[in-house]
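J.: Here is a sequence together with a model predicted from it:
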Amino acid sequence: MKTIEQIKNLRFIALLFMAVAVVSCSDDDEAPEEENLPEVFTNVTLIFTPTGGGTAITAEAEDPDGEGLDDLEVKDEINLAANTMYTLTFNVENRLDPDADLNAEILDEDNEHQIFFAFTNDAFTSPMGDGNLGAGNADDDINYSDMDEDGNPVGLVSSWTTGAAQTGASFQVNLQHQPGAKTADSDSTDGDTDFNLTFVLNIQ
C-alpha cells in the first residue's frame, strides 16, 4: 500500500510533466520571426534627358525569370549625342508586385543606398575620369544631384555632359545597400549589391 508521501510525490511528478508539456506547446505555437528578405528588382531603366530639350534616351535591364536564379540582363545600348548635357534618372521596378515603388523605397532609405558609376575614361567632359566605382574611389568626380539627410550622395538623379563621338564604350551602374555603413567615405565595396549593370555606351 502506497504511503501518503509516495502519493504526494507521484502527484508532483505528474504536475511537473504537465507544466513541461504546456510550455512545449506554447513554444510550438509562437509565430516564426519575420525574415529580412532582399528586395526583388525585375526592371531597371536608365533615362537620359537632354537638359536643353529633346527626346529622352532610355536603356533597360530586365530579370527574365523574376524571383528565379537569373540576374538582371541588359537589353539596350545607351546612344547619346556628342557634346550634350543630360540629366540621368532611374526607374527601378518590381513588376511582380504592382504596389511596389522601389524608387520611393530607395529614397525612404536614402541614408542606406548609393549608386556608384564607372565608364570609359573621358567619355564625358563632366564628370571627367572613369567614375567612382571600386575600392577607394568614393571621392572621384560624379555630378550627383540628390543627397541623403546626412549630405551624402544617393544617385537616382545626376548630370552628365558627353565628349566627342565614340562607339563601344561602357557605362556601369552599381546600387549598393549600405545599412549602418554609408558615410562620406564609404565606397562600392561597402554593404551589399542590389544591382550591378554594364551597358554599351555609344556617343554619336
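T.: Great, that's in hand. Remember, it's a predicted structure, so these values are computed and weren't measured experimentally. Numbers count the residues shown, from 1 in each chain.
J.: C-alpha only now, for contacts and for neighbours.
T.: Noted.
J.: in the protein, which spans are strands?
T.: Here the chain has its strands, by DSSP state E, at 43-50, 57-62, 73-74, 78-80, 85-93, 113-119, 124-126, 157-162, 166-177, 192-203.
J.: Parallel or antiparallel, list what pairs with the second one.
T.: To tie it back to what came earlier, the one meant is strand 57-62. Applying DSSP bridges, strand 57-62 is found paired with strand 43-50 (antiparallel), strand 73-74 (antiparallel).
J.: Mean neighbour count, the strands of the chain: which tops it?
T.: Highest mean neighbour count among the strands of the chain (mean count of other Cα atoms under 10 Å): strand 113-119, with a mean of 23.
J.: Skipping adjacent residues, who's closest to residue 78 in space?
T.: Closest residue in space to residue 78, ignoring its immediate chain neighbours: residue 201 at 4.8 Å, by Cα to Cα, 6 or more residues apart in numbering.
J.: The one you found is in contact with residue 167, isn't it?
T.: Yes: Residue 201 lies in contact with residue 167 (Cα atoms under 8 Å); the separation is 6.7 Å.
J.: who are the neighbours in contact with the residue lying closest to residue 185 once chain neighbours are set aside?
T.: Nearest non-adjacent residue to residue 185, counting by Cα to Cα, 6+ apart: residue 138, 6.3 Å away. Counting by Cα atoms under 8 Å, 6 or more residues apart in numbering, residue 138 makes contact with 132, 185, 186, 187, 188.
J.: Please apply the same query to residue 177.
T.: Contacts for residue 177 (Cα under 8 Å, 6+ apart) come out as 112, 113, 114, 191, 192, 193, 194.
J.: Using TSV, lay out those residues together with distance to residue 78 and pLDDT.
T.: Output for the contacts of residue 177, formatted as TSV (distance: Cα to Cα, whole Å; pLDDT from 0 to 100):
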residue	distance to residue 78	pLDDT
112	28	98
113	24	98
114	21	98
191	28	97
192	26	96
193	22	96
194	21	95
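J.: Of those residues, just say which sits nearest to residue 106.
T.: Closest approach between those and residue 106, by Cα to Cα: residue 113, at 6.6 Å.
J.: Please report the distance of the closest one from residue 179.
T.: According to Cα to Cα, to the nearest Å, residue 113 and residue 179 sit 8 Å apart.
J.: picking that back up, the residue nearest to residue 78 bridge partners, please.
T.: Residue 201 has these beta-bridge partners by DSSP bridges: residue 78, residue 169.
J.: show me what contacts it?
T.: Applying Cα under 8 Å, 6+ apart to residue 201 gives the contacts 77, 78, 79, 80, 167, 168, 169, 170, 171.
J.: Reformat those residues as a markdown table; add pLDDT and distance to residue 55.
T.: Listed next are the contacts of residue 201 as a markdown table, based on pLDDT from 0 to 100; distance: Cα to Cα, whole Å:
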| residue | pLDDT | distance to residue 55 |
| --- | --- | --- |
| 77 | 98 | 16 |
| 78 | 98 | 13 |
| 79 | 98 | 12 |
| 80 | 98 | 11 |
| 167 | 97 | 20 |
| 168 | 98 | 22 |
| 169 | 98 | 22 |
| 170 | 98 | 22 |
| 171 | 98 | 20 |
